[in-house]
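Colleague: Any chance you could fold what I've pasted below:
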Amino acid sequence: MSARTFTPDRVNADGSTTIRMKRACNGCGQLLGDVDNRDVDKDGNLTDVRGECSFCAPIVALEAAGCRTWNLTRRNLNIVDDATDADGLFAKGYFEYVDDKLVVTGLRIGQGETRQVAKFGDWIVRHPDRTWTVHHAPEGEAADA
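Modeller: Numbers count the residues shown, from 1 in each chain. Now for the predicted structure:
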């Protein structure tokens, strides 16, 4: 697959701005470059471009290898917690102070020194051998959804 062009915005003589529509990764939202023909399939649906994203490409490879993945959000926190429980692995919400309030910001998986913390926006990976790992979002990219 060829690299995408990334056309910068251009300010015109009349003060208006000409832009080229950009494609964002459907995994993490990172801008990948200009929209082109590969972004829509024959039925008009947006294609999965996570494989083009430097952050999400390893997740795509893990899924192809049989791993189950979750992009951790507030909405699926309990679903991921239940999945870890089903594997006999302890998990609970991870809390931090934000603006002087104690709020849940992710999920703590495991106990003791081997525990891992996944924040909202990180990918949680369940490997076929029932081990669990966290693929952390790039700094400043964490989702709050």
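
Colleague: residue ranges for the strands of the protein, please.
Modeller: Here the chain has its strands, by DSSP state E, at 10-11, 17-18, 22-24, 31-34, 68-71, 91-98, 101-109, 116-119, 123-126, 132-135.

Colleague: contacts for the last one?
Modeller: The set of residues external to strand 132-135 that reach it, using Cβ atoms under 8 Å, 6 or more residues apart in numbering, is 58-59, 62, 84, 87, 89, 109-110, 116-118, 122-127. For glycine as for every other residue, the C-beta is placed from the backbone atoms N, C-alpha and C.

Colleague: what do you get for the second one?
Modeller: With contact meaning Cβ under 8 Å, 6+ apart, strand 17-18 is reached by 9-12.

Colleague: let's see 10 Å
Modeller: If you take Cβ atoms under 10 Å, 6 or more residues apart in numbering as the criterion, strand 17-18 is touched by 7, 9-12.

Colleague: So the residue nearest the centre of the chain versus Leu77, what's the distance?
Modeller: By Cα atoms, centre = their mean, the chain has its centre lying nearest to Cys28, at 3.9 Å. Separation of Cys28 from Leu77 (Cβ to Cβ, to the nearest Å): 18 Å.

Colleague: repeat for Glu63
Modeller: The gap separating Glu63 from Leu77 is 20 Å, by Cβ to Cβ.

Colleague: These two: which is more packed in?
Modeller: Shown here are Glu63 and Leu77; by other Cβ atoms under 10 Å, Leu77 has more neighbours (20 against 13).

Colleague: Can you give me the neighbour number for the nearest residue in space to Leu62 that is not next to it in sequence?
Modeller: Once flanking residues are discounted, Leu62 sits nearest to Val125: 5.5 Å by Cβ to Cβ, 6 or more residues apart in numbering. Under the neighbour criterion other Cβ under 10 Å, Val125 is assigned a count of 20.

Colleague: OK, contacts around Val125?
Modeller: Neighbouring residues of Val125 by Cβ under 10 Å, 6+ apart: 58-59, 62-63, 65, 67-70, 118, 131-135.

Colleague: All good on my end, thank you.
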